[in-house]
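Colleague: Please find the sequence and the predicted model below.
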Amino acid sequence: MQSNIRLFMVIPCYNEQEVLPETSKRLEAKLNSLINKGVISDTSRVVLVDDGSKDTTWQLIDELHKKNPLFQGVKLSRNRGHQNALLAGLMTVRSVCDVAISMDADLQDDIDAIDEMLQKYKEGAEIVYGVRSSRQTDTFFKRGTAQGYYKLMNRMGADIVYNHADFRLMSRDALEMLSEYSEVNLFLRGIVPMIGLKTDIVYYERSERFAGESKYPLMKMLSFAFEGITSLSVKPIRFISGLGVFIFSVSVIILIYTLIRHFTGNTIQGWTTTVLSIWAIGGLTMISLGVIGEYIGKIYLETKNRPRYIISEYLGDKDDVVDLIDVKVKK
């Protein structure tokens, strides 16, 4: 394994003008420290991916690049969501890096854990997951919902790493294999474990967000969980099938019971029971149609084969031939 690794940090950014100056300062200090120690190459870079921000995020990225070639920029043509922005950055640098480490821009991930990730890579790991060691800094509600989220995902067939988000190291080989996954409905936390290869884990303490607002409130997290489940598993469909068999079995029992009551002369007009049954079965039918419709919608999007993202501008090194197609490139 190389002792002088070309590392690319990939940082998705969406409306991060408040935190980006501090993030860039800390990342610059960390990479310079690793370069001075001879751990990584002096051609290592930080790639900031602007996911269609509405504030001055791209202007800040442009200024950082002009001041220091350590920073590169990838600008998406419009907002495509965190997962697509992250993938855009990873796919852009996969042919020029030895390893890529992805992390969020909010400084909640521990930058110092990068050292251990690189050590795991040197020991032969192709993918290294950053995993939270505890959730003591979370509120009781946040801790409960987050842990429930990971348990639900795994039970529903989405094979994800517990307490891991998107703070991870991937080798060039792993990135090349990731590029073979072409689905439009993207859920990297579930796709990356499918790659295989040798993996390892680095535990770290997650900090409070340095500035700005969280991009994943409860409703968005629930939507993200549902997206992951329906993108990676057919268990919800199977659950509906099982529920249908159960309801049919209950209806047969009720039919037999009703016939017995009828022939024994004990027929009772049950208006309330009838109404409740209609509402219950109607509600289950609507939920079932909704879940099935979600899968059909995903199939519809996949068949269109639309691009997952479009890069409108790239700020990078003139000597690097990165994976960009039909892109306005500034070097």
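Modeller: Thanks, I have it. Keep in mind that this is a model prediction, so the values were computed, not measured.

Colleague: Just the mean pLDDT for the strand or helix carrying residue 91, thanks.
Modeller: Element membership for residue 91 (DSSP states H and E) is helix 82-93. Helix 82-93 comes out with an average pLDDT of 92.

Colleague: Now do that helix: everything it contacts.
Modeller: Helix 82-93 is touched from outside by 8, 10-14, 45, 47, 49-51, 74, 76, 80, 100, 102, 166, 170, 175, 178-179, 186-188, 215, 308-309, 311, 314, 322-324, with contacts defined as Cβ atoms under 8 Å, 6 or more residues apart in numbering. C-beta here means a position set from N, CA and C on the backbone, and glycine is covered the same way.

Colleague: now do 6 Å
Modeller: Identification of contacts with helix 82-93 by Cβ atoms under 6 Å, 6 or more residues apart in numbering yields 8, 10, 12, 47, 49, 51, 74, 100, 102, 175, 186, 188, 308-309, 322-323.

Colleague: Might you calculate how far it sits from the centre of the chain?
Modeller: 11 Å (Cα atoms, centre = their mean, to the nearest Å).

Colleague: Check which residues of the helix or strand containing residue 175 are buried.
Modeller: Using DSSP H and E, residue 175 maps to helix 172-178. Along helix 172-178, the positions that meet the burial threshold by neighbour count (16 or more other Cβ atoms under 10 Å) are 172, 174-175, 177-178.

Colleague: for stretch 54-61, same thing?
Modeller: Buried positions in stretch 54-61, judged by neighbour count with 16+ other Cβ under 10 Å: 57-58, 60-61.

Colleague: can you confirm residue 96 is in a helix?
Modeller: No - with DSSP: H, G, I helix; E, B strand; the rest coil as the criterion, residue 96 is coil rather than part of a helix.

Colleague: quick one: it from residue 175, how far?
Modeller: As for residue 96, its distance to residue 175 is 11 Å (criterion: Cβ to Cβ, to the nearest Å).

Colleague: okay if I get the buried residues of helix 172-178 as a markdown table plus distance to residue 122 and pLDDT?
Modeller: Formatted as a markdown table, the entries for the buried residues of helix 172-178 read as follows, by distance: Cβ to Cβ, whole Å; pLDDT from 0 to 100:
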| residue | distance to residue 122 | pLDDT |
| --- | --- | --- |
| 172 | 14 | 95 |
| 174 | 15 | 95 |
| 175 | 18 | 95 |
| 177 | 20 | 93 |
| 178 | 21 | 93 |
